[in-house]
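1. Okay, here's the prediction I keep looking at, along with the sequence it came from:
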Amino acid sequence: MIPASKSTFSTPWQMHEFFAGSGLVSYGLKEMFHCVWANDISTQKAAVYQANLNLKHFILGDIKDIQGKSLPKAHMSWASFPCQDLSLAGAMGGIHASRSGLVWEWLRILDELKEKPKILLLENVIGLLSTNHGNNYRAIHKAISERGYKCGAIVLNASLFVPQSRPRVFIIAVDKKSHIPSELTGKGPCWLHNSSAIELGNSLPNWIWWKTDRPSKRTVTLKDIVDPTVPFDKDNVLKLIPPKHIEKLNKFDFIYATGYRRTRNGKQQLEIRCDGTAGCLRTPEGGSSKQYLILKNKNEIHARLLTIRETARLMGAPDTYILPGSYNDGYKAMGDAVVMPVAKFIGERFLAKLAEAVY
């Protein structure tokens, strides 16, 4: 289980948060950045955000209706824009499609601000780097560069911090005129860059090769996030587990595994993983089902859905994090969020240091 962080909100740096979701970014950054303005269109996510952060200037509504001139001053702008048109689980419509294309609304608002923040961060699925032969990323990189920033993309998998496989790309941008501490940049790629990022970095102007040391080894396991008191009531799905996956389970006397229902060759099956790490949490809108928890104990195998609290733990949220609403509300809020310790890691390793250097 993830311990709660201390809350001070006495931070010198201020931020805007677009597509704010359930607030895990602001929660992870709260020791470094105070969110002075946030926006999301989802009523359910807004309820989670406000229950935990109680932000006075949370604007519930369409980003298309936001006017940049109305926003308070901030040192950083964070935008976790929609991934549906860039995800392998989605429609792959690209960076100009209706959902992922909302990033252009964020850029419009940036243009309308009385004073642009010197630090930007955009978050999305790793498909942003590879889909359409990398041209989706190139379009954003060009737009950011034209607005007076230099930037680079890094890839972080949440499995470094929590027992969930959730690779994501983070674009960190800084005002071109600002000094960047040498400790934060390298002359080439490092462990933060996958093959797509390397290809883009070698071909684009105004690219920054961000660098930092790897985090310490994760200690939280899948077993640690499981509530053992919850009954297993979905054994009817066990018949969908393919024989090869049953063989994997049978190698263990006791194990917690996770699985998703998939359709392969017109047939439904429950594909499981037994590596102590959950699959990536998703939402129904992302083209996938809810994730099952499988228990193998000697000769018995049982199944149930992950609880909302378990999904929150997989997102790095402490058990004190409030999750109002229905099961579906909570699942969507967590499945569509940024993993809290990942946001905190980026804040500590890059964003706070950049703020100190450029302001």
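-> Yep, that arrived. Numbering: from 1, shown residues only.
2. how about low-confidence regions in the stretch 51-200 of the chain?
-> 83-100 (pLDDT under 70).
3. so where do the helices sit in it?
-> In the stretch 51-200 of the chain, helices defined by DSSP state H, counting those that start in this stretch lie at 103-112, 127-130, 135-146, 195-201, listed in chain order.
4. Pipe these into TSV and attach distance to residue 249 and mean neighbour count per row.
-> Heads up, the C-betas are built off the backbone N, CA and C, glycines and all. Listed next are the helices of the stretch 51-200 of the chain as TSV, based on distance: least, Cβ to Cβ, whole Å; neighbours: other Cβ atoms under 10 Å:
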stretch	distance to residue 249	mean neighbour count
helix 103-112	42	18
helix 127-130	30	23
helix 135-146	38	18
helix 195-201	33	18
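5. I'd like those as CSV, with distance to residue 346 appended.
-> Below are those laid out as CSV (distance: least, Cβ to Cβ, whole Å):
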stretch, distance to residue 346
helix 103-112, 18
helix 127-130, 16
helix 135-146, 17
helix 195-201, 15
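6. Enumerate residues external to stretch 311-323 that contact any of its residues.
-> Stretch 311-323 has contacts (Cβ atoms under 8 Å, 6 or more residues apart in numbering) with 1-5, 24, 27-28, 48, 51-52, 158, 161-164, 224-225, 278, 281, 291, 306, 308-309, 330-331, 333-335, 337, 339-342.
7. Kindly recompute the last result at 6 Å.
-> Residues external to stretch 311-323 that are found in contact with it (Cβ atoms under 6 Å, 6 or more residues apart in numbering): 1-2, 4, 51-52, 162, 164, 225, 278, 281, 308, 330, 334, 337, 339-341.
8. For ChimeraX, write the selection for the buried entries among the residues you listed.
-> Applying 16 or more other Cβ atoms under 10 Å to the contacts of stretch 311-323, the buried members can be selected in ChimeraX as follows:
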select :2,52,162,164,225,278,281,308,330,334,337,339,340,341
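9. isn't there a helix covering residue 232?
-> No - applying DSSP: H, G, I helix; E, B strand; the rest coil, one finds residue 232 to be coil, outside a helix.
10. Tell me which residues touch it, please.
-> Shown in contact with residue 232 (Cβ under 6 Å, 6+ apart): 302, 303, 304.
11. Give me the phi and psi for it.
-> Main-chain torsions, residue 232, degrees, to the nearest 10: phi -90, psi 110.
12. For residue 321, which three-state class applies?
-> Three-state assignment for residue 321 (three-state DSSP): coil.
13. Count the residues that sit near it.
-> Using other Cβ atoms under 10 Å, residue 321 has 22 other residues around it.
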